[in-house]
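Novice: attaching a predicted model along with its sequence, questions to come.
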Amino acid sequence: MSIDFIFMLTKDDQTITDARKYVKEIAAGGVKHIGFKDIGLPINELKQLAEDLKKEGVKVYLEVVSLDAESEKKSAKVAMDLNVDYLLGGIRPELIASLVKDHPLKYYPFVGKIEDHPSILTGTIPEIAKHAQQITSIDGVDGLDLLAYRFTGDDVPLLIEEVCKASKKPVVVAGSIDREERIEVVKTKGASGFTVGTAAFDMEFPSKKSGISGQVETILEMTNN
């Protein structure tokens, strides 16, 4: 099964201030999916960033990390205004799905109980899997955003497997993917995609090339092997 690598122009759960300078380098490295968060840059700069990404012909993702209702609604409207391809995150699918369902973007809310910032995922695996089944039944929800490696429980591979089984739609695994072992888990447990942000900017992946292009090369090799 193929899986998408989504490069997030983010560090510590917010968009990096100089995100635009990396766009061409990341796209030239072969990344077809690039995203950013709803916090870290003002809206006018997020708009410029989204325009840069569209010029490179990649799929564009906006991930919501704000947890209050008003911020979540605002971010959904921003996503539509920016004309991104995917809206990830948020914890109110019943509210947001109705706002975005007539827009061509794909909406992937968080599954399970999300707390704090940086976000963590709490609850039991059966509870989270049941939630996955419930929210993927909502009209306007196109998939799920699973913070698997922010899970407070012990068995992350089982969590991913059970959520992917329960979900009626694709699952993207986001957050704290910082080594090959974790990429292998998401590849083999049924996810449709995964995100990497902070780990790449921290140069966590071993690579022959320096800089972000080296990180991109390594992560794509791990994705496609």
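Specialist: In hand now; what should we look at? It should be emphasised that the depicted structure is a prediction, and the values quoted were computed from it without experimental measurement. Numbers count the residues shown, from 1 in each chain.
Novice: CA only for contacts and neighbour counts going forward, please
Specialist: Fine.
Novice: what does stretch 141-154 contact?
Specialist: When contacts are defined by CA atoms under 8 Å, 6 or more residues apart in numbering, stretch 141-154 is touched by residues 88-89, 93, 97, 101, 106-112, 119-124, 132, 135-136, 156, 159-160, 167-177.
Novice: buried subset of those residues?
Specialist: Of all the contacts of stretch 141-154 considered here, the ones buried according to neighbour count by 16 or more other CA atoms under 10 Å are 88-89, 93, 97, 106-112, 119-122, 124, 132, 135-136, 156, 159-160, 167-177.
Novice: out of those residues, which sit inside strands?
Specialist: Secondary-structure check on the buried ones among the contacts of stretch 141-154 using DSSP state E: residues within strands are L88, G89, K106, Y107, Y108, I120, L121, T122, V171, V172, V173.
Novice: what's the spacing between the second one and A174?
Specialist: Read that as G89. Separation of G89 from A174 (CA to CA, to the nearest Å) stands at 9 Å.
Novice: and for the fourth one?
Specialist: Distance check for Y107 against A174: by CA to CA, it reads 14 Å.
Novice: residue contacts, A76?
Specialist: The neighbourhood of A76, defined by CA under 8 Å, 6+ apart, consists of L87, I96, L99, V100.
Novice: out of those residues, grab the one that's most surrounded.
Specialist: Counting by other CA atoms under 10 Å, L87 has the largest number of neighbours within the contacts of A76, with 28 neighbours.
Novice: strands of this protein, residue ranges please.
Specialist: Under DSSP E, the chain gives strands at 4-8, 10-11, 14-15, 33-37, 59-64, 86-89, 106-108, 113-115, 120-122, 144-146, 171-173, 193-196.
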